[in-house]
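[1] from the sequence below, what's the structure:
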Amino acid sequence: MIRSKTMRIGLLACVSVLTLMTGCATVKGTSSGTNNAPVGGTLAGTDTAPVRISLDKEGMPQVDIETVVVKVGQRVVFVGPTEFTINFPEDTPFDRQKFETGDAVINLVIPQRVKRKFQQNIQEIKFKYDVIVGDKVLDPHMIVIL
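    Below is the predicted model:
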């Protein structure tokens, strides 16, 4: 948990600069959805995958990456409105399903134990998650490569 306001501002600035420098970590390809939303992963040379959350005119959450792809041990940093929630309504790679923030950042590391939790002969697992802002919900995806 980021304790000081200065550290939170520093993290937000760092993610913003890295995102601008690298084109938002978007990689070639699109999600399997019909809207051709980008698939994204970690920033070049890092283990961090930023997901920027914005709001449209009606307050509906939007993400810059519809499907974020990460490996076990890598980090997903959600940056957006001051208050938002990330919720995994079904399976989750984490110990809990719901993550809330009041300081615009949610920082999650994919735990090593996800490999044991999903003991199957598969190379990746797709998780649906919700981005919740107020009473508005968006449901993008996360793929974890085992």
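[2] what does the longest strand that the chain contains contact?
    Counting residues, the longest strand found in the chain (DSSP state E) is strand 48-55. For strand 48-55, the surrounding residues in contact (CB atoms under 8 Å, 6 or more residues apart in numbering) are 15, 18-19, 24-25, 40-43, 61-65, 68-70, 74-81, 84, 131, 133, 136, 140. All C-beta atoms are positioned from the backbone trio N, CA, C, and that covers glycine.
[3] sitting in strands, which of those residues do you find?
    Reading strands off the contacts of strand 48-55 with DSSP E, I get 40, 61-63, 68-70, 75-79, 84, 131, 133, 136.
[4] now list the buried members of those residues.
    40, 61-63, 68-70, 76-79, 84, 131, 133 (16 or more other CB atoms under 10 Å).
[5] quick check: the farthest pair among the residues you listed?
    The largest separation in those, counting by CB to CB, is between 69 and 133 at 23.5 Å.
[6] pull up the pairing partners for the helix or strand in which residue 144 is found, direction included.
    In this assignment (DSSP states H and E), residue 144 forms part of strand 141-145. Sheet pairing of strand 141-145 (DSSP bridges) gives strand 67-71 (parallel), strand 124-128 (antiparallel).
[7] helix, strand or coil: sort out the residue lying farthest from the centre of the chain for me.
    Relative to the mean C-alpha coordinate of the chain, counting by CA atoms, centre = their mean, the farthest residue is residue 121 (24.9 Å). Three-state assignment for residue 121 (DSSP: H, G, I helix; E, B strand; the rest coil): coil.
[8] lowest-scoring secondary structure element of this protein by mean pLDDT?
    strand 26-30 (a mean of 37; mean pLDDT, DSSP states H and E).
[9] once you drop chain neighbours, what's closest to residue 126?
    Of all residues not flanking residue 126 in the chain, residue 143 sits nearest, at 5.1 Å (CB to CB, 6 or more residues apart in numbering).
[10] quick one: contacts for the one you found?
    By CB under 8 Å, 6+ apart, the neighbours of residue 143 are 67, 68, 69, 70, 124, 125, 126, 127.
[11] again with residue 95
    Contacts here follow CB under 8 Å, 6+ apart; on that basis residue 95 touches residue 111.
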